[in-house]
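A.B. asks: Quick one, what's the 3D model for this:
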Amino acid sequence: MSDSGRFRVSLHVSHPRLPADEIVVSFDLPVRYARSVGALRMTKQGKNLGGTYGQTDISFAISDGVISNDDVLLGEFVDKALGSLPLNTIDQIVASGGSCFFFIGVYSEGNLLCDFDAGLLSRLSVYGIGLKIDFYGGPEISGG
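C.D. replies: This is a model prediction of the structure:
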């Protein structure tokens, strides 16, 4: 197992009014989960939790599982992923009150440098795309 760390990347999209299916059609990415504003709150097993969702939330898989930082550096991976997104759609989602961010799960027993250069951060900012990094501090767990 690599000492340099591993990571998993997804893209999260939220919107206060648009239903999930109107957003999903614009993305050529696997959907990890999708909940639409106004839909009944349910568990993954289909049990009703009561109430409805207050906003639409979608998670798209960007990485195909967990990736070793030895194979590709995290910043380079995010940069490449950004280039494959429907940026005009993201711009419209953000301009109409929604939000988008890359969610990065980091698995490492040691040090892992996450280098997001100014050019990448600038391009993310232009489209209103944020970054959230969750450091798990150990080996990856399935389904995370």
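A.B. asks: The residue in the chain sticking out farthest from the centre in helix, strand or coil?
C.D. replies: Here the chain reaches farthest from its C-alpha mean at Gly50, the gap being 26.4 Å by Cα atoms, centre = their mean. Secondary structure assignment for Gly50 (DSSP: H, G, I helix; E, B strand; the rest coil): strand.
A.B. asks: gap between it and Thr43?
C.D. replies: 11 Å (Cβ to Cβ, to the nearest Å). Every C-beta, even on glycine, is put in place using the N, C-alpha and C of the backbone.
A.B. asks: mind checking the SS state of the residue positioned nearest the centre of the chain?
C.D. replies: In the chain, the C-alpha nearest the mean C-alpha coordinate belongs to Leu11, at 2.1 Å (Cα atoms, centre = their mean). Assigned with three-state DSSP, Leu11 falls in the strand class.
A.B. asks: Okay, and the beta partners of the closest residue in space to it that isn't next to it in sequence?
C.D. replies: Excluding the flanking residues, the one nearest Leu11 by Cβ to Cβ, 6 or more residues apart in numbering is Phe60, at 4.5 Å. Going by DSSP bridges, Phe60 is paired in beta bridges with Leu11, Val31.
A.B. asks: I figured Phe60 was touching Ala20, is that so?
C.D. replies: No: judged on Cβ atoms under 8 Å, Phe60 makes no contact with Ala20 at a distance of 11.0 Å.
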